[in-house]
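Participant: the sequence and its predicted three-dimensional model are supplied below.
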Amino acid sequence: MAATALWPGDSYPLGATYDGAGTNFGLFSEVAHRVELCLFDGGGTETRVDLHEVDGFVWHGYLPGVGPGQRYGYRVHGAYDPPAGQRCNPAKLLLDPYAKAIEGHVSWGQPVFSYAFGHPDRRNNADSAPYVPRSVVINPYFDWNLDRPPRTPYHETVIYEAHVRGLTKEHPVVPEDQRGTYLGLAHPAVIAHLRGLGVTAIELMPVHQFVTNSRLDDRGLHNYWGYNTIGFFAPHNDYSASGSRGQQVQEFKSMVRSLHQAGIEVILDVVYNHTAEGNHLGPTLSFRGIDNAAYYRLTDDDRRYYMDTTGTGNSLLMRHPHVLQMIMDSLRYWVLEMHVDGFRFDLAAALARQFHEVDRLSVFFDLVQQDPVVSQVKLIAEPWDVGDGGYHVGNFPPLWSEWNGKYRDTIRDFWRGQTATLPEFAYRLTGSSDLYQQDSRRPVASVNFVTAHDGFTLADLVSYDHKHNQANGEDNRDGSDDNRSWNCGHEGPTDDPAVRALRARQKRNFLATLLLSQGVPMLLAGDEMGRTQQGNNNAYCQDNEISWLNWAVHDEDDQALPDFVRALVRVRADHPVFRRRRFFRGQAIRGGRQRLGDIAWFTLAGEEMTDDDWEAGFAKSLTVFLNGRAISEPDRRGERIADDSFLMLFNASEHDLAFTVPPRRYGSRWAKMLDTATPGADFENDSAVKPGDTMTVINRSIQVLHRG
């Protein structure tokens, strides 16, 4: 490649920015003595250009004639002194932290590490360029064709958590060369399925460029989940059907545009708490070789080691201005340039560790709060990390919603028949006011889920008492042992008709509870079809049939399940009493004190529950009255919301129970519209009951009655 004249360029924006005539390059490093921009041609020949301009620790230059598709990287000269936290090594080709596209993968071996194996303080000067990915200059221009974000209100949102590759890898209609890609996800057949379910938002597991670490690579496995980011601006290149020299950016944008046209929002699962470079024995791929002490939290007593609150070997330094700038620049980029509609923050408690403790008022949350772009999209926290004091469900600032882990645990406990769960079950069903109301938050602060990518699928939740992770190659030691699951009497697959019928009923119980709870429901992709991972509750490394969604529903017990989910979502959409914007008045588990409040709770005898009833640890059943005529919040035009009223009859016991219909003042006539004891999705039923009548609710099932 011929040498190119270098112009001074600008220190902002960081990264590689093509303007139609050339490209501006900018790289932050406070410790660099010299920075070389390395350009690669199609044959891999490297041309190095020194960046002489430095402003505010940003090394920059402009190369006329350099445009989209250009591969590049950096070599940073500076001190290599691990005990002092400095790890510069110009023998290592480094990815641009702001790269908008990345080509290639890591080929594991000694050259990608800055130290000699067996001697972690001895510098290794083998050239890493042939073994590491390249950053790529992209074309930022794209025809969005008047794309508009759906901006679905939170209380009307139904989230579908999915994996780009796993969702379509075995889809029978998607063309084979598009399966497992952004293009495949945007296929009309996939979008039709999402729309048919009533999904309003798809939450994609990590799509930032990530790395499969050497440990998995040695075992022939892959980092399937993607929680190992190396490029916070680049869509993962393996999910592109059209190429990895910038085509992945255009393809991702096209996917978002198609989903938006269908009224479906795109939420990204993002991992800003750590990078793929691991601990002090990890590779040098980017941040470590650029400015190790600026990007990472190092231990105070010996700066060769990394603070680790993420379980991955390192944590980003959330009090350094350039780290915070990079994260905020990344978030704004994905909103403004890629048109995504929100983010789910992995191990979000780690982002709040400005120093050691988790601080809900840390600088990161201040920046999000005042940012005119990021503050306006959906922000969802996974409110825990693996550090000390890292579990913070209910403790995030008012702007945020949270994955409600307590919802998951309580609903699982209730339906597997644990005693003394009624009071907490009532809180979770009504939006978890005990967690969120004191901060002036609303029910939508709670993202409710029973299953997620991490843990059992719905089918496995009712089929296994224990994890079965042998395929991961870790002797079944990995993954959680606290599954709160129940196999319904047999571990794993069975032909026993009674066990199969109970499992099918339990699936319907979980889905009905989830979709009729206050808050924001989140479905795990494939649960509507009975997807199984064969008991694997930690399939992070399984890029195969264990994780991929099988679109053919083979189990006859699950044939009606997709229709059941569609009908439930439709009930939720049609009836605002199931998706209120405000909490019920009075205490969530007691209801209001008015003559006929917006919610009431009853015993089997049809009598309002007393404190003694709530404290009866053996009770596993209750009736809930939802008053559609007492919704306190107005609609978007300020008009009063009036809805139908419902009775929800929950029986989590092992016995069939007789429920008495509550007194006449709650309703003079009721018709059954849902019964999880039956597999059908037709929720209408002509039989009517009156106050004082008794109804038999089958063991471990739900009935919902509609007031006539």
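Facilitator: That came through, no problem.

Participant: show the end-to-end separation of stretch 147-166, please.
Facilitator: Criterion Cα to Cα, to the nearest Å; first-to-last residue distance in stretch 147-166 is 27 Å.

Participant: who's the residue nearest the centre of the chain bridged to?
Facilitator: Against the mean C-alpha coordinate of the chain, by Cα atoms, centre = their mean, the closest residue is D269 at 4.3 Å. Going by DSSP bridges, D269 is paired in beta bridges with R344.

Participant: how much space separates it from T152?
Facilitator: D269 sits at a distance of 18 Å from T152 (criterion: Cβ to Cβ, to the nearest Å). No exception for glycine: its C-beta is placed from N, CA and C like everyone else's.

Participant: on that earlier part again, surely the residue nearest to the centre of the chain touches I202?
Facilitator: No. Using Cβ atoms under 8 Å, D269 makes no contact with I202, being 10.8 Å away.

Participant: just give me the longest helix of this protein.
Facilitator: Ordering each helix of the chain by length in residues (DSSP state H) puts helix 497-515 first.

Participant: output the contacting helices and strands for that helix.
Facilitator: With contacts defined as 3 or more Cβ pairs under 8 Å, 6 or more residues apart in numbering; DSSP states H and E, the packing partners of helix 497-515 are helix 405-415, helix 458-461, strand 520-524, helix 561-574, strand 701-707.

Participant: let's go with 6 Å and repeat that
Facilitator: Judged by 3 or more Cβ pairs under 6 Å, 6 or more residues apart in numbering; DSSP states H and E, helix 497-515 is in contact with helix 561-574, strand 701-707.

Participant: ok, and what's touching the first one?
Facilitator: Applying Cβ atoms under 6 Å, 6 or more residues apart in numbering, the external contacts of helix 561-574 come out as 158, 197-198, 511, 515, 528, 530, 578-579, 681, 683.

Participant: may I see the buried residues of that helix?
Facilitator: Taking 16 or more other Cβ atoms under 10 Å as the neighbour-count basis, helix 561-574 is seen to contain the buried residues 561-562, 564-565, 567-569, 571-572.

Participant: low pLDDT regions in the stretch 101-250 of the chain?
Facilitator: Regions of the stretch 101-250 of the chain meeting the criterion pLDDT under 70 are absent.

Participant: recalculate using a threshold of 90.
Facilitator: Regions of the stretch 101-250 of the chain meeting the criterion pLDDT under 90 cover residues 121.

Participant: where along it do the strands fall?
Facilitator: Taking DSSP state E, counting those that start in this stretch as the test, the strands found in the stretch 101-250 of the chain are 101-103, 115-116, 119-123, 134-136, 159-162, 201-204, 208-210, 229-235.

Participant: of all the ones you listed, which lies closest to K169?
Facilitator: strand 159-162 (11.5 Å; Cβ to Cβ).

Participant: turn the buried residues of helix 561-574 into JSON lines, columns for distance to S375 and pLDDT.
Facilitator: Listed next are the buried residues of helix 561-574 as JSON lines, based on distance: Cβ to Cβ, whole Å; pLDDT from 0 to 100:
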{"residue": "L561", "distance to S375": "38", "pLDDT": "94"}
{"residue": "P562", "distance to S375": "37", "pLDDT": "94"}
{"residue": "F564", "distance to S375": "37", "pLDDT": "95"}
{"residue": "V565", "distance to S375": "33", "pLDDT": "97"}
{"residue": "A567", "distance to S375": "36", "pLDDT": "95"}
{"residue": "L568", "distance to S375": "32", "pLDDT": "97"}
{"residue": "V569", "distance to S375": "29", "pLDDT": "98"}
{"residue": "V571", "distance to S375": "33", "pLDDT": "97"}
{"residue": "R572", "distance to S375": "27", "pLDDT": "98"}
